[in-house]
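> pasting the structure only:
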Ligand code: SF4
């Protein structure tokens with residue numbers, strides 16, 4: 001069984017590598033629909049973390065109506081291209097009391113992977129229970145500080161002990177419910193908390209994470225928030241820069257406006273509005289296509305947010321964590337189930353990858 005899984009994963013990686021080439025091809029036709037749809041359920045956040053541009057956000061704060069979300073998720077559910085729906089944007093998703101209901105709807109309609117990123121400060125016992133039962137597939141905890149002093153200096157307005165307790169209780173509940181999901185991406189930022197706290201991070205959280213469920217540790221660097229911060233000088237020259245966002249992802253704000261990516265925290269680049277048009281209409285619109293054309297023609301510096309963005313430099317991508325430090329299998333969920341679940345997902349992924357790959361090849365030749 002394990003050998004079969006490894007072979008399936010190798011095959012999938014191979015397909016993904018070839019299919020990723022589609023957006024590096026200057027003349028490639030875009031996807032008919034985004035692969036990853038990011039729906040900002042809210043841009044409210046109780047924290048003012050030092051690395052975040054929340055202080056500079058001047059757009060109106062709000063929460064997406066359930067009815068609008070329902071329409072969007074209905075459209076996503078009918079599309080084979082959609083791999084993931086992220087229920088967050090620039091804000092703390094747990095502020096939205098309807099979050100679990102939105103996740104449950106997405107799962108009921110067949111969205112393959114639902115995901116949120118959270119600081120876990122509002123992850124109460126009830127919120128944990130509801131999200132796990134709703135079928136949330138993945139959750140990322142951003143947790144930057146292993147002492148109260150460091151943590152509260154980074155995550156201003158949050159409380160260290162409360163967040164720790166919330167996360168511990170979330171893991172315990174997931175075990176108690178023997179829920180295979182959500183898998184956890186547990187992220188630390190040594191640049192903020194200091195590299196000396198990194199071993200404490202692994203030591204504290206490793207016993208809670210579970211390789212069977214696909215949990216992983218991540219570390220991350222600091223990034224410029226497309227000009228909202230100024231952490232890194234750009235290193236990659238224009239002719240080598242490439243951004244996957246306009247070709248594969250769509251970011252929808254809570255009020256329905258569509259922007260190129262989550263880093264455009266003030267919504268400066270308007271690409272459409274889902275309160276007037278469908279996701280597909282916006283994705284295939286001349287306005288979206290002209291934004292892609294800027295990238296194909298290597299003119300990203302002409303867009304103010306992109307000119308200052310270090311995402312194409314790879315800054316935002318998680319850094320690899322030594323495999324020996326990654327979580328081990330904890331055998332909390334029955335092994336047979338865990339394996340058959342992974343096998344089922346591996347087959348589903350390959351089926352989707354092959355379908356998309358064939359589609360691109362047909363269109364490019
Ligand atoms: S370069 Fe940065 S700001 Fe521009 S679309 Fe890509 S991720 Fe967004």
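Structure's in. What do you need? Owing to the predicted nature of the structure, the values given are computational and were not obtained by experimental measurement.

> the ligand contacts on the stretch 251-365 of the chain?
Neighbours of the ligand within the stretch 251-365 of the chain, by CB under 6 Å from any ligand atom: 260, 261, 263, 264, 305, 306, 309, 311, 312. Placement of C-beta: from N, CA and C, glycine included.

> what's the most distant pair in those?
264 and 312 (14.3 Å; CB to CB).

> more neighbours: the two, which one.
The residue with more neighbours, out of residue 264 and residue 312, is residue 264; 26 against 20, by other CB atoms under 10 Å.

> which residues touch residue 215?
Going by CB atoms under 8 Å, 6 or more residues apart in numbering, residue 215 touches 183, 184, 185, 186, 209, 327.

> doesn't residue 184 make contact with the fifth one?
Yes - in this structure, residue 209 is within contact of residue 184 by CB atoms under 8 Å, at 6.2 Å.

> can you work out which residues contact both of the two?
Shared contacts of residue 209 and residue 184 (CB under 8 Å, 6+ apart): 171, 215, 216.

> what sits against the first one?
Going back to what we said before, that points to residue 171. Applying CB under 8 Å, 6+ apart to residue 171 gives the contacts 184, 208, 209.

> so it sits in a helix?
Yes - under DSSP: H, G, I helix; E, B strand; the rest coil, residue 171 sits within a helix.

> can you give me the pLDDT of it?
Per-residue pLDDT puts residue 171 at 98.

> what distance do you get for it to residue 208?
Look at residue 171 and residue 208: by CB to CB, to the nearest Å, they are 4 Å apart.

> kindly report the same for residue 251.
For residue 251, the distance to residue 208 - CB to CB - is 31 Å.

> and stretch 114-126, end to end?
Taking CA to CA, to the nearest Å, stretch 114-126 runs 19 Å from one end to the other.

> the more surrounded of residue 251 and residue 208?
A count of neighbours by other CB under 10 Å puts residue 251 above the other of residue 251 and residue 208, at 24 against 18.

> who's in contact with that one?
Taking CB under 8 Å, 6+ apart, we find residue 251 in contact with 38, 40, 89, 245, 258, 259, 260, 261, 262, 264.

> for the residues you listed, which one is nearest the ligand?
Using CB to the nearest ligand atom, residue 261 comes nearest to the ligand of the contacts of residue 251, at 3.2 Å.

> now the nearest residue in space to the closest one that is not next to it in sequence: how far from residue 161?
Closest residue in space to residue 261, ignoring its immediate chain neighbours: residue 245 at 4.1 Å, by CB to CB, 6 or more residues apart in numbering. Distance from residue 245 to residue 161, counting by CB to CB: 37 Å.

> go on, residue 40?
From residue 40 to residue 161 the distance is 29 Å (CB to CB).

> in terms of neighbours, single out the busier of the two.
More crowded of residue 40 and residue 161, by other CB under 10 Å: residue 40, with 26 against 10.

> ok, now which ones touch the closest residue to the more buried one other than its chain neighbours?
In space, residue 40 comes closest to residue 89 once its chain neighbours are excluded; the distance is 2.5 Å by CB to CB, 6+ apart. When contacts are counted by CB under 8 Å, 6+ apart, residue 89 touches 38, 39, 40, 41, 43, 251, 252, 253, 254, 262.

> same thing with residue 163?
Residue 163 neighbours (CB under 8 Å, 6+ apart): 119, 120, 121, 123, 143, 151, 155.

> can you pick the most crowded of those?
residue 155 (26 neighbours).

> list phi and psi for it.
phi -90, psi 80 (degrees, to the nearest 10).
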